[in-house]
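Novice: Got a predicted model here, sequence first, then my questions.
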Amino acid sequence: MKVITAELNENAPIARNTYKAVFSCDTSGITNAGQFVNVQIDGLYLRRPFSVCDYDGNSLTLIYKVVGKGTEILSRAKKGDKFDMLTGLGNGYDLQNAGDMPLLIGGGVGVPPLYNLAKRLIKQGKSVSVALGFNTEKEVFFVEEFKNLGCRVFVATVDGSAGKKGFVIDALPEKYSYFYACGPTSMLKAVYDKTITDGEFSFEERMGCGFGACMGCSCKTLFGSKRVCKDGPVFKKGEILW
């Protein structure tokens, strides 16, 4: 974990109620795809956790959906605004088990952390497929960005306005060697039941501290109680108890 000050460079909508924020900051605390940052929002007591979409040596990209007071305040932030952040939180995905044809499965704001993961897997020479699920066409984002990396992209929307009509599990390709998933719990449970290989799940959970001290985000696993923020947010398929 590292405490940094991040300066906002860009903050613009990319889909309905969904924003892309780019910060200039020290990203040395981030070491793995699937980690998150905890951002202090002016006027609010608890920090807000956001998955890392992408980063390089001095730039951090977050994608977030306006769902409450914290994200609503963030959506009004301007270029030059500065934010206190905790970075390098969580364990992230394990790339060692990907195989030759990994599948990335994301729903809504569970999509962003899969982008940096896709970049890493493509760099390793993997043939990457990405399945993205949204409610409607107006909420779809990052399809072209994944395609530009060289990924095969499958899209599903609940109302059928883009891609295949249905949920993200209805858009999964037939063949893949391993999977990585991120999204709401209901989606993850459906992915768990549908998938035919081993894989990893990144859980979304309300958090207090973000680094394992408050125990507010504990969940049950096959190996006992674990903290989503510290022991996760990524858990292997074989250890999850629903």
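Specialist: Looks like it came in fine. Numbers count the residues shown, from 1 in each chain.

Novice: counting contacts, what elements does the lowest-mean-pLDDT helix or strand in the chain pack onto?
Specialist: Here the helix or strand of the chain ranked lowest by mean pLDDT, DSSP states H and E is strand 218-221, holding a mean of 74. Strand 218-221 is packed against strand 224-227, with contacts defined by 3 or more Cβ pairs under 8 Å, 6 or more residues apart in numbering; DSSP states H and E. (Glycine included, C-beta is placed from N, CA and C.)

Novice: Could I get the average pLDDT for the strand it packs on?
Specialist: Over the span of strand 224-227, the pLDDT mean works out to 78.

Novice: The residue nearest the centre of the chain: what's its closest spatial neighbour, skipping adjacent residues?
Specialist: Central residue of the chain (Cα atoms, centre = their mean): residue 113, 3.2 Å from the mean position. Nearest residue to residue 113 in three dimensions, chain neighbours excluded: residue 51, at 4.0 Å (Cβ to Cβ, 6 or more residues apart in numbering).

Novice: low-confidence ranges in this protein?
Specialist: For the chain, the stretches flagged by pLDDT under 70 are 205-217.

Novice: sorry, back to before: can you tell me which helices and strands the helix or strand encompassing the residue nearest to residue 113 packs against?
Specialist: Element membership for residue 51, per DSSP states H and E: strand 48-55. Packing partners of strand 48-55 (3+ Cβ pairs under 8 Å, 6+ apart): strand 36-39, strand 59-65, helix 69-75, helix 113-123.

Novice: buried set for the third one?
Specialist: It refers to helix 69-75. 70, 71, 74, 75 (16 or more other Cβ atoms under 10 Å).

Novice: How about the second one, nearest residue that isn't a chain neighbour?
Specialist: Yep, that's residue 71 we're talking about. Counting by Cβ to Cβ, 6+ apart, residue 71 lies nearest to residue 64, which is 5.4 Å off, once chain neighbours are set aside.

Novice: how does the protein divide up, domain by domain?
Specialist: Domain segmentation of the chain under automatic domain parsing yields 2-89, 95-239.

Novice: ok, the longest strand anywhere in the chain: who's next to it in the sheet?
Specialist: Identified as the longest strand of the chain according to DSSP state E is strand 2-15. Paired strands of strand 2-15, with direction, are strand 18-24 (antiparallel), strand 82-89 (antiparallel) (DSSP bridges).

Novice: Let me have those in JSON lines, adding mean neighbour count and distance to residue 223 as columns.
Specialist: Formatted as JSON lines, those follow (neighbours: other Cβ atoms under 10 Å; distance: least, Cβ to Cβ, whole Å):
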{"stretch": "strand 18-24", "mean neighbour count": "20", "distance to residue 223": "35"}
{"stretch": "strand 82-89", "mean neighbour count": "20", "distance to residue 223": "21"}
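
Novice: if we can go back for a sec, which one among the buried residues of helix 69-75 gets closest to residue 131?
Specialist: Residue 131 has its nearest neighbour among the buried residues of helix 69-75 in residue 71, at 25.1 Å by Cβ to Cβ.

Novice: Is residue 169 in contact with residue 194, as I believe?
Specialist: Yes: Residue 169 is within contact range of residue 194, at 4.4 Å (criterion: Cβ atoms under 8 Å).
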